[in-house]
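Enquirer: Sequence first, predicted coordinates after that:
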Number of protein chains: 4
Amino acid sequence: MAKKPLRIGLIGYGFMGRAHSNAYAKVGHFFDSQHEIVLQAVCARDEVKVREFADRWGYKSIETDWRKLVARPDIDLIDIAVPNNLHAEIALAAAKAGKMILCEKPLAMNPLEAEKMVEAIEAAGVPNMVWYNYRRCPAVTLAKQLIDEGRLGRIFHYRAKFLQDWTINPELPQGGTALWRLDVAAAGSGVTGDLLAHCIDTALWLNGPIHSVTAMTETFIKERKHNESGKVQKVGIDDACAFLARFENGSLATFESTRYARGHKALYTFEINGENASIAWDLHDLHRLQYFDHRDQGVVRAWRNIHVSDGDQPYLKNWWVPGLQIGYEHSFVHQVADFLKGLDTGVPARPNFRDGLATDYVVDAVLKSAQSQHWVDVQQTV
Amino acid sequence: MAKKPLRIGLIGYGFMGRAHSNAYAKVGHFFDSQHEIVLQAVCARDEVKVREFADRWGYKSIETDWRKLVARPDIDLIDIAVPNNLHAEIALAAAKAGKMILCEKPLAMNPLEAEKMVEAIEAAGVPNMVWYNYRRCPAVTLAKQLIDEGRLGRIFHYRAKFLQDWTINPELPQGGTALWRLDVAAAGSGVTGDLLAHCIDTALWLNGPIHSVTAMTETFIKERKHNESGKVQKVGIDDACAFLARFENGSLATFESTRYARGHKALYTFEINGENASIAWDLHDLHRLQYFDHRDQGVVRAWRNIHVSDGDQPYLKNWWVPGLQIGYEHSFVHQVADFLKGLDTGVPARPNFRDGLATDYVVDAVLKSAQSQHWVDVQQTV
Amino acid sequence: MAKKPLRIGLIGYGFMGRAHSNAYAKVGHFFDSQHEIVLQAVCARDEVKVREFADRWGYKSIETDWRKLVARPDIDLIDIAVPNNLHAEIALAAAKAGKMILCEKPLAMNPLEAEKMVEAIEAAGVPNMVWYNYRRCPAVTLAKQLIDEGRLGRIFHYRAKFLQDWTINPELPQGGTALWRLDVAAAGSGVTGDLLAHCIDTALWLNGPIHSVTAMTETFIKERKHNESGKVQKVGIDDACAFLARFENGSLATFESTRYARGHKALYTFEINGENASIAWDLHDLHRLQYFDHRDQGVVRAWRNIHVSDGDQPYLKNWWVPGLQIGYEHSFVHQVADFLKGLDTGVPARPNFRDGLATDYVVDAVLKSAQSQHWVDVQQTV
Amino acid sequence: MAKKPLRIGLIGYGFMGRAHSNAYAKVGHFFDSQHEIVLQAVCARDEVKVREFADRWGYKSIETDWRKLVARPDIDLIDIAVPNNLHAEIALAAAKAGKMILCEKPLAMNPLEAEKMVEAIEAAGVPNMVWYNYRRCPAVTLAKQLIDEGRLGRIFHYRAKFLQDWTINPELPQGGTALWRLDVAAAGSGVTGDLLAHCIDTALWLNGPIHSVTAMTETFIKERKHNESGKVQKVGIDDACAFLARFENGSLATFESTRYARGHKALYTFEINGENASIAWDLHDLHRLQYFDHRDQGVVRAWRNIHVSDGDQPYLKNWWVPGLQIGYEHSFVHQVADFLKGLDTGVPARPNFRDGLATDYVVDAVLKSAQSQHWVDVQQTV
């Protein structure tokens, strides 16, 4: 049976553009679908560089103006992998053009933008997804499965952190194409929208809605040179953010993120403590899941250090043989595989834009609390 | 040269009474001092049991009324190892009687009590110490040493937690002699004064004063049977507490404690991230210290998993040979050894009552913040 | 500048056929070369299945007879990914036809075959390599780099093991296409040629030639049903093998492999102890390298748990960002990348067939020692 | 009820003399018995030092000639904590004098001596034990319990190693009181009798008799100065030893020991792989036991990292509360506690001298094999 082509139009060729392209290139080798990815076009402003990128990854054509890409009738899906401040405009146009949309996280600069994007995409009725890829590290997916099976019982605690250390050097410049994550105009916030958004998405997925938060943020280095102009400018982003939260299920949480935790490159960890069992995960050893089940017999009751590499664990039967680990990039492959499966089956994959909005509501409450120094209730999606 | 006897009068023979007695019994075998511990008397209300305890540990005499013990001229030092609500009264009497005092933590039920105790003891001019024993796990002492050497540089983050899981069962009763820690009248608070007090003491020692906090507490099980009367009563303690803090040195912190973290028995952990180096420790593997130094050469830069068992590391030359670990109880032995050294040298060991007051101020601010749901400034000791 | 095509003819589509194909598909996305991989043809006996495989991976054509593939003028390189008993015949024919050859490990069924293959390929003067992929896990490559820098000093000890547990069940059948590794006629030996060959290749690379060995082997399950015929037959392979060795540099070694180590799926570990430093690695956490340097300052001297994911570590600058791990499959990508680099630069990549022969000599000595129960000297390559 | 005194006469005040004395001092505080340890006398040649030792530990008297100690009627038990070459003579005299005997390991310099000691002690009919203390680390005792419950099924593999690094420096002298372990005349062998003897004792206990061995030994530093005379002399001990073994139950084993494994201070590890379950332990984290049970449900099947600190695990109910670890010294306390329990109940504690002889037989076979370079059958005790 011939497969149905799904013609991708990717916007942006940075770190995420590469991660998405790799996922598109690999998915068909490992996962079956009625749909077949076609790398139709990649778009970015720098023609030389985008041509080189297209050649490397096998995109059939290039564009230097995203509006043209969105207007092309030979594109089925727009993949938004550009700085946060461009998400909304592109998504609104793409939705209007009836394209499916995959959008990098966080969905938008603020809830207002995000709400408009949700409205547009739901009006258009097109498949949509946000690239919160960590849901699809097999160990994280297994955590979700164990929770859904009811193994944990009543949940008491959730804790997550995402620690990096790459901005400690005060000589590191900010802004421009390479360092837009440090530019508040392009990023909207610092670690809150960049890193905590990941933690929040996972948390909402695993533990349900967050009711309220109290937060603090800090900018440790107050001024940096601009990466392109060389001018010393005020730093507008938050370098670190921590917040306490209460979930609607009654559990208590702590969240923390920073780019000033010396020794940690990408230490995203979460732990969830239930009445009967607990689960913990760590991105630095992403192929492992820690699991404690109180119902195990006393003398051998312990944390189990699960090497998530076996065929009965999520996604693994499609890869190698037991004991052989997969890595970071595979979470993107899984996300594409699940998106295609959603198209095949008619049951859309998640997180969709509405899920992305839910995370943006939490991010917004966190930033507001940090400013007001009060507890803030989180707005809920319908 | 003959040693000077130090005649101990211990009040209380519970878990802490045993830990202190073991320390008294062992210290002279492993540490030199001009002073010699003499187990003069142990005091508790139950005569049969206190007699049995005295026989087991070699105390020369018993008392069943602490006032009599305090009045005895053959006692040099009163060791208070009873529930929190009795600390102040005993300490005030002992100070008045001119006894040295070692007091279990937290120092008091509230800052008011603690202030009186500090005033009394300083007026009496007697040596005093609070049993925050974790300072003297060798790995923790080594952390302090590395910090004091300036290895970390500017501090950005501190995080600590103390997780247990022993009160999850709703059938667990509360109160009475065995379970006074669950009785707010005896304990003053739940995990905040019991477990977070340890975290706070270490933090103040390693990272200096805390400026302000925002906290939340929760009581997951609202009613329990009383352990002696059998009557179902409201639970008055906090089962869990988390707070955000800002230290006076500008660093940000998260603290958390609970008795509802399934899988953790006594997981006291802390981590401190500095500009140049980071340190982490975990009570479940208390003989290890994690250390990351950014100044290490790039390709082999990594967290070092230090097995703190070598003769050049704190306290270790007094024990066995490299590679052989010591345990929990040794932190008490070290505390007694350092107290004796303080007597020998005239440079008193810490934490003293004033240090204990500082921790009580933080505990108080945390509890107030949890109630008011606002940030609260921490009162500072002079 | 146009790239030079390198037209691959793959023989075999099993586990290794997939791993190689994935490497061919990915290498150009992440590594630059003057050569460009072209998936020209894949060959296997089952026409339906090989067609399906070709479609999935993008091979342009298929063959069902390897002799035809070898004879095709549009093929530059023959990749041998079939059972061990077919390596020699194919390699001899391919060498004769002037093809480059990549051959799965172990190179041959015995040293006699392997010697002929080396002779043929060296006479033909064609580029050649054996798929000992573990050399190119970044952590292992880093180990080699640290050794080559002379950090370890005089070497005292080497130890390696490769533990699996997939054949414990006596109901597991043997033989046929799926289970040829359990058929001595197809595999030549059991764990010795399959798993220990990996350990030996790494050891020779890191620590130089092995002088002599004493070994024991065991077959725990003596009879199994044939996977296709269903007939109960004697098991001819070794289920487990352990040997002691002396290296020519004077160091002592232990090697062990088994498929009966419950709990281990693919636990390939090695450790090397030098006068000044030690190194350890573990395939179950392949992105980490353990490193101990005695020259570190005493109180913080410790094993460093290196997360090999940073741009200054081998191969990593071509992948993602620090902290994000890659996995098993990437070792194959690196091997292809290095092979291409060898073509670009004229400095051939290793291990070549002669290196593969060296490993086969050790395997042979081990099997002979296990049979004779004596120490056996290892034959050396010139 | 009055306790029965057990009057100890300790010979030797080195590292082991301290460890034993600490066990004697502590056991009554934590374990109940009808017997009460009395520190009657300690004996060593240096009167000043032995006096100081007696004062520190509370021994009532001293001797400088062990023959006088053995002759004293007020001594019930002789504890031999002197270099290996003195064990036999003292034990024979003590047995003749009808004393109970605790003897440091290895039991003797060779099987001939050991056989005489067994004969003497069995003729005398006195309680006896060898200080193979590691059996009584709670995690090791738990391993034994799990094996005795039949959880592992048929055993396939045993592996043990004991790695140290304290003799790498060629400037380290040998011999004399402090360094008798490096003097073959005092120690009998190097790591084989010192470290491998521990591994062998545990292995025989956990996995039954060893049938045969093939071994290699090495002396890396051939000459050292004598510690007292300063004269450069040949090194007579083995610096490293590794051997392969076959147990009588059909399982295969590897054993290794060295004092040249940079980075390891006292890394005694063992692992045992059974049909259904596996167990692993490591002296550097002696409070943990690794346990894998294949009968666990697939997706959460994993190595369990058991924190052996709970009241239902061996010896732990006598110590602190769950989560709080004990250390090296406690294995000696447990050994004394079990010895006393043996006296109380009439069921003697093990390992007794006959068990010590069994280990000596294996040590002897290992040394013979290393010399002959052949497999050697192990002599069995009756």
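Expert: Alright, I've got the coordinates. Residues are numbered from 1 along each chain as shown, chains lettered A, B, ... in the order given.

Enquirer: which non-adjacent residue is nearest the residue nearest to the spatial centre of chain A?
Expert: By CA atoms, centre = their mean, the mean C-alpha position of chain A lies nearest to residue A:132, the distance being 2.3 Å. In space, and not counting its chain neighbours, residue A:132 is closest to residue A:201: 4.1 Å by CB to CB, 6 or more residues apart in numbering or on different chains. Glycine gets a C-beta too; all of them are placed from N, C-alpha and C.

Enquirer: and the one you found, how many neighbours?
Expert: Counted by other CB atoms under 10 Å in any protein chain shown, the residues lying close to residue A:201 total 24.

Enquirer: What lies in contact with the host helix or strand of residue A:5?
Expert: Residue A:5 belongs to strand A:4-11 when assigned by DSSP states H and E. Contacts to strand A:4-11, defined as CB atoms under 8 Å, 6 or more residues apart in numbering or on different chains, come from residues A:17, A:20-21, A:24, A:34-44, A:59, A:63, A:66, A:69-70, A:72, A:74-82, A:90, A:99, A:340, A:343.

Enquirer: show me the contacts for residue A:218.
Expert: A:238, A:239, A:240, A:241, B:252.

Enquirer: Show me how the record splits chain A into domains.
Expert: Following automatic domain parsing, chain A resolves into domains at A:4-133, A:134-377.

Enquirer: Mean pLDDT added to these, as CSV?
Expert: Putting the domains of chain A into CSV (pLDDT from 0 to 100) gives the following:
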stretch, mean pLDDT
domain A:4-133, 98
domain A:134-377, 97
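
Enquirer: and chain A, which residues reach chain D?
Expert: A:142, A:145-146, A:291, A:293, A:296, A:298-307, A:310, A:312-313 (CB under 8 Å from any CB of the partner chain).

Enquirer: mind running it again at 6 Å?
Expert: A:291, A:298, A:299, A:300, A:302, A:303, A:304, A:305, A:306, A:312, A:313 (CB under 6 Å from any CB of the partner chain).

Enquirer: nearest to chain B, of those?
Expert: Nearest to chain B, judged by CB to the nearest CB, of these is residue A:303 at 5.9 Å.

Enquirer: And the helices in chain A, which stretches?
Expert: Applying DSSP state H to chain A gives helices spanning A:15-30, A:47-57, A:66-71, A:87-96, A:111-124, A:138-148, A:184-187, A:191, A:197-207, A:330-345, A:353-372.

Enquirer: Buried residues, the fifth one. List them.
Expert: By that I understand helix A:111-124. A:111, A:113, A:114, A:115, A:116, A:117, A:118, A:120, A:121, A:124 (16 or more other CB atoms under 10 Å in any protein chain shown).

Enquirer: Including distance to residue B:212, could those go into TSV?
Expert: Listed next are those as TSV, based on distance: CB to CB, whole Å:
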residue	distance to residue B:212
A:111	29
A:113	33
A:114	33
A:115	35
A:116	38
A:117	38
A:118	38
A:120	43
A:121	43
A:124	48
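
Enquirer: Need the max-distance pair from those.
Expert: Pairwise distances across the buried residues of helix A:111-124 peak at 20.0 Å for A:111 and A:124 (criterion: CB to CB).

Enquirer: just checking, residue A:179 touches residue A:227?
Expert: Yes. The criterion here is CB atoms under 6 Å, and residue A:179 meets it with residue A:227 at 4.8 Å.

Enquirer: Overlap of the contact sets of those two?
Expert: Between them, residue A:179 and residue A:227 share no contacting residue under CB atoms under 6 Å, 6 or more residues apart in numbering or on different chains.

Enquirer: Spit out the contact partners of the residue of the stretch 101-250 of chain A found nearest chain D.
Expert: For the stretch 101-250 of chain A, the residue closest to chain D is residue A:142, as judged by CB to the nearest CB, at 6.4 Å. When contacts are counted by CB under 6 Å, 6+ apart, residue A:142 touches A:289, A:308, A:313, A:314.

Enquirer: Kindly recompute the last result at 8 Å.
Expert: Per CB under 8 Å, 6+ apart, neighbours of residue A:142: A:289, A:306, A:308, A:313, A:314, D:299.

Enquirer: Ok, residue A:99 next?
Expert: So residue A:99 contacts A:9, A:70, A:75, A:76, A:77, A:78, A:126 (CB under 8 Å, 6+ apart).

Enquirer: Of those residues, just say which sits nearest to chain D.
Expert: Nearest member of the contacts of residue A:99 to chain D, counting by CB to the nearest CB, is residue A:77, at 32.9 Å.

Enquirer: so the closest one makes contact with residue A:97?
Expert: No. Look at residue A:77 against residue A:97 with CB atoms under 8 Å: they stay out of range, at 11.1 Å.

Enquirer: Compare those two and say which one has the larger neighbour count.
Expert: For residue A:77 versus residue A:97, the count of surrounding residues by other CB under 10 Å is larger for residue A:77: 23 against 18.

Enquirer: hey, what's the more buried one bridged with?
Expert: residue A:8, residue A:100 (DSSP bridges).

Enquirer: Tell me which two of the contacts of residue A:142 sit farthest apart.
Expert: A:306 and A:314 (11.8 Å).

Enquirer: In terms of neighbours, single out the busier of the two.
Expert: Neighbours per residue (other CB under 10 Å) separate residue A:306 from residue A:314, with residue A:306 holding more: 25 against 19.

Enquirer: and that one, what is it in contact with?
Expert: Counted by CB under 8 Å, 6+ apart, residue A:306 has contacts A:139, A:142, A:288, A:289, A:290, A:291, D:299, D:300, D:301, D:302.

Enquirer: Please report the distance of residue A:251 from residue B:218.
Expert: Distance from residue A:251 to residue B:218, counting by CB to CB, to the nearest Å: 9 Å.

Enquirer: Pretty sure residue A:367 sits against residue A:215.
Expert: Yes. Checked against CB under 8 Å, the pair residue A:367 and residue A:215 is within contact range at 7.4 Å.

Enquirer: Compare those two (neighbour count), which wins?
Expert: A count of neighbours by other CB under 10 Å puts residue A:215 above the other of residue A:367 and residue A:215, at 27 against 24.

Enquirer: so what's the more buried one closest to, chain neighbours aside?
Expert: Nearest to residue A:215 is residue A:243, by CB to CB, 6+ apart, at 3.6 Å.

Enquirer: OK, contacts around that neighbour?
Expert: A:213, A:214, A:215, A:216, A:254, A:255, A:256, A:366, A:369, A:370, B:244.

Enquirer: Tell me the bridge partners for it.
Expert: Going by DSSP bridges, residue A:243 forms beta bridges with residue A:215, residue A:255.

Enquirer: and the stretch 151-300 of chain A, which of its residues are near chain C?
Expert: A:164, A:166, A:264, A:265, A:266, A:267, A:283, A:284, A:285, A:286, A:287.

Enquirer: Which positions in the stretch 101-250 of chain A make contact with chain B?
Expert: A:156-157, A:159, A:161, A:163, A:165, A:168, A:214-216, A:218, A:220, A:240, A:242-244, A:246, A:250.

Enquirer: List buried residues within these.
Expert: A:156-157, A:159, A:161, A:163, A:165, A:168, A:214-216, A:218, A:220, A:240, A:242-244, A:246.

Enquirer: Highest neighbour count among the contacts of residue A:218?
Expert: Greatest neighbour count in the contacts of residue A:218, by other CB under 10 Å, goes to residue A:241: 28 neighbours.

Enquirer: quick one: contacts for that one?
Expert: A:190-192, A:196, A:215-218, A:255-258, A:366, A:370.

Enquirer: With residue A:33 instead?
Expert: Going by CB under 8 Å, 6+ apart, residue A:33 touches A:3, A:27, A:337, A:340, A:341, A:343, A:344.

Enquirer: which residue sits closest to the first one in space, ignoring its chain neighbours?
Expert: In this case it means residue A:3. Leaving aside its chain neighbours, residue A:3 sits nearest to residue A:36 (3.8 Å; criterion: CB to CB, 6+ apart).
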